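**Q** would you be able to build a 3D model of this:
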Amino acid sequence: MGEFTMPSLGADMDEGTLVEWLVEPGTPIRRGDPVAVVETAKSTIEVECFESGTMGRPLVEPGTTVPVGTPLALIETAAGTRGKAGRARKPRKEPQGPPAPERTRPAEPAEPVRTREPVASEAPGHGHVEAGPLIRHLAEEGGVDLAALRGSGPGGRVTRADIERAAAAAPTARAPTARAPRARVTPLARRRAAELGVDLSSVAGTGKDAAIRAEDVSRAASGHAGAPSPPPRITAAVRASRPSEDQAPAMRRAIARLMSRANRDVPHYYLSTTVDMAVPMDWLHDRNRRSPMSERLLPAALLLKAAALAAHEVPELNGFWTDDRFTAGEGVHLGVAVSLRGGGLIAPVLRGADTLEVPALMSALKDLVSRARTGRLRGSEVSGATLTVTNLGDQGVETVFGVVHPPQVALVGFGRVVDRPWAVDGLLGVRPVVTVTLSADHRATDGAVGARYLTAVDRLLQNPEKL
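**A** So this is what the prediction gives:
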């Protein structure tokens, strides 16, 4: 049995708050499926599981803040297997002959309080019945009374087949409030609906496969016209919908810690160059005139693609400084600095940016920025950047020198495309230009390497059709 732990979602993250479980115990999950929502100092993020199996019991309740690496839940990676860490109890065997007056088990290590422990209920007339969390969930869906069942599994354990047979034999016994088809609802969303008096059948889910999440219930409650309900508890899930109010101070402290450490520990050097953008802007305007509105490109797409391809050409700037040495990144994964509406910033990752076609990169960029500002990023989208890019052109800034985000070794800055007097072949004219800057870690590279990188960016931008 594996463990699902609080992940590290950045070099500045020491702890996180579990906001919401997205799956219930007993739910089959695959590697890469989002299983929880975690709140960091900078954002609220959906965290994926890195193992396939079945969701086991939770070890941490929503609203709890724990250090990075703390086990949050158990993951059953194979049927019947039990791991040493967070050991689960083995199914108990029924004694032979008449039931013993008292059941005992070997002593086990102390475990965190669990809210969804497999229960044992006494069925009138036929002894002990075992039912795990998935079975209880299926019984609830099918309106089946577990106490009236005789389990066919080992030791009298109720199985899925038992539930299905009972539900088919008594279709009228189903709970009158069950929906058909039944929408997926996260555990926290169920509790939130009960607190706010919201009918889940009227809530549209925005989670995976239209699952109803706590924030969906909160939105529905804001326009709910039913009877007055108790005021909601101010939990992490409620705070997640108002990051600008509650997360801003924590975010500023996190940024302050990281940037202070970066300025103290990273010996920066800075370079800049001015790139003639006449050719790429002409190409861009011509392409956009021939494209539907939804497929039009912004200059940022060309700048990001050139930054990614240049990083592929100059790999000394694409990677990490760890253990007093440089390690090149496996692929070019651009962290894109995004300013948040309530203040602060986050840098979601465009993975394999050098391999994306410009339209695909533009689409991915729009999606990342939108979800970063609404707190809908996943854990894999906020970690693993090999190079960060900041673009303040849309804010009117012409030149930006950033601070390297350790353990990365470089940061690229793009300013606003502006018209300037510019000499071409001895003739003076007005051309659109952009200032490109590089902040780099002097432990990993020297100015000559940085100059090669900026030269590559300039050359690539002069051939936009090849980007």
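**Q** so what touches the longest helix belonging to the chain?
**A** Scanning the chain for the helix with the most residues, using DSSP state H, yields helix 248-265. With CB atoms under 8 Å, 6 or more residues apart in numbering as the test, helix 248-265 has contacts from 11-13, 40-42, 340, 342-345, 403-406. No exception for glycine: its C-beta is placed from N, CA and C like everyone else's.
**Q** repeat that with 6 Å
**A** Under the contact criterion CB atoms under 6 Å, 6 or more residues apart in numbering, helix 248-265 has outside partners D12, A41, K42, G342, G343, G344, V403, V404, P406.
**Q** and for stretch 49-58?
**A** Residues outside stretch 49-58 that contact it (CB under 6 Å, 6+ apart): 2, 4, 23, 25, 27-31, 33, 35, 73-77, 114, 116.
**Q** just the buried ones from the residues you listed, in PyMOL syntax?
**A** With 16 or more other CB atoms under 10 Å as the criterion, this PyMOL line picks the buried residues out of the contacts of stretch 49-58:
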select buried, resi 2+4+23+25+27+29+33+35+73+74+75+76+114+116
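**Q** out of the contacts of stretch 49-58, which sit inside strands?
**A** Using DSSP state E, G2, F4, P28, I29, V35, A73, L74, I75, E76 are the members of the contacts of stretch 49-58 that sit in strands.
**Q** can you tell me which residues contact the third one?
**A** This points to P28. With CB under 6 Å, 6+ apart, P28 has these contacts: T54.
**Q** run the last query once more with 10 Å
**A** S52, G53, T54, M55, E76, L134 (CB atoms under 10 Å, 6 or more residues apart in numbering).
**Q** of those, which is the most crowded?
**A** Of all the contacts of P28, the most densely surrounded is M55 (25 neighbours; neighbours counted as other CB atoms under 10 Å).
**Q** give me the pLDDT for that one.
**A** With respect to pLDDT, M55 has a value of 90.
**Q** neighbouring strands of the helix or strand it falls within in the sheet, and parallel or not?
**A** Here M55, judged by DSSP states H and E, is contained in strand 53-58. Strand pairing for strand 53-58, determined by DSSP bridges: strand 28-29 (antiparallel), strand 71-76 (antiparallel).
**Q** circling back: helix or strand right after the longest helix of the chain?
**A** Per DSSP H and E, the first helix or strand lying C-terminal to helix 248-265 is strand 268-276.
**Q** to what extent is V203 buried, counted in neighbours?
**A** 21.
**Q** can you show me the CA trace of the helix or strand where L302 lies as CSV?
**A** According to DSSP H and E, L302 maps onto helix 299-313. Extracted in CSV, the C-alpha atoms of helix 299-313 (Å, rounded to 0.1, in the frame of the first residue of the first chain):
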residue,chain,number,x,y,z
PRO,A,299,3.5,38.6,-29.8
ALA,A,300,4.0,36.8,-26.5
ALA,A,301,3.6,33.5,-28.3
LEU,A,302,6.5,34.2,-30.6
LEU,A,303,8.6,35.5,-27.8
LEU,A,304,8.0,32.4,-25.7
LYS,A,305,8.7,30.1,-28.5
ALA,A,306,12.0,31.9,-29.4
ALA,A,307,13.0,31.8,-25.7
ALA,A,308,12.3,28.0,-25.6
LEU,A,309,14.2,27.2,-28.8
ALA,A,310,17.1,29.3,-27.7
ALA,A,311,17.2,27.4,-24.4
HIS,A,312,17.4,24.2,-26.4
GLU,A,313,20.3,25.6,-28.4
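**Q** give me the buried positions along it.
**A** 299-311, 313.
**Q** pLDDT of it, averaged?
**A** 97.
**Q** so how far is it off the chain centroid?
**A** Offset of helix 299-313 from its chain centre (CA atoms, centre = their mean, to the nearest Å): 25 Å.
**Q** show me what that helix is packed against.
**A** When contacts are defined as 3 or more CB pairs under 10 Å, 6 or more residues apart in numbering; DSSP states H and E, helix 299-313 packs onto helix 278-289, strand 334-336, strand 349-350, helix 358-373, strand 387-391, strand 410-414, strand 427-441, helix 447-461.
**Q** export those as JSON lines, with columns for mean pLDDT and distance to G197.
**A** Formatted as JSON lines, those follow (pLDDT from 0 to 100; distance: least, CB to CB, whole Å):
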{"stretch": "helix 278-289", "mean pLDDT": "96", "distance to G197": "50"}
{"stretch": "strand 334-336", "mean pLDDT": "97", "distance to G197": "41"}
{"stretch": "strand 349-350", "mean pLDDT": "96", "distance to G197": "40"}
{"stretch": "helix 358-373", "mean pLDDT": "92", "distance to G197": "30"}
{"stretch": "strand 387-391", "mean pLDDT": "97", "distance to G197": "46"}
{"stretch": "strand 410-414", "mean pLDDT": "98", "distance to G197": "49"}
{"stretch": "strand 427-441", "mean pLDDT": "97", "distance to G197": "53"}
{"stretch": "helix 447-461", "mean pLDDT": "98", "distance to G197": "57"}
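**Q** can you tell which of those is closest to A204?
**A** helix 358-373 (18.2 Å; CB to CB).
**Q** can you redo the strands paired with strand 53-58 as CSV with mean pLDDT and distance to L317?
**A** Listed next are the strands paired with strand 53-58 as CSV, based on pLDDT from 0 to 100; distance: least, CB to CB, whole Å:
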stretch, mean pLDDT, distance to L317
strand 28-29, 90, 38
strand 71-76, 90, 36
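**Q** adding distance to F326, write those strands out as TSV.
**A** Output for these, formatted as TSV (distance: least, CB to CB, whole Å):
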stretch	distance to F326
strand 28-29	37
strand 71-76	33
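**Q** out of the ones you listed, nearest to P62?
**A** strand 71-76 (10.3 Å).
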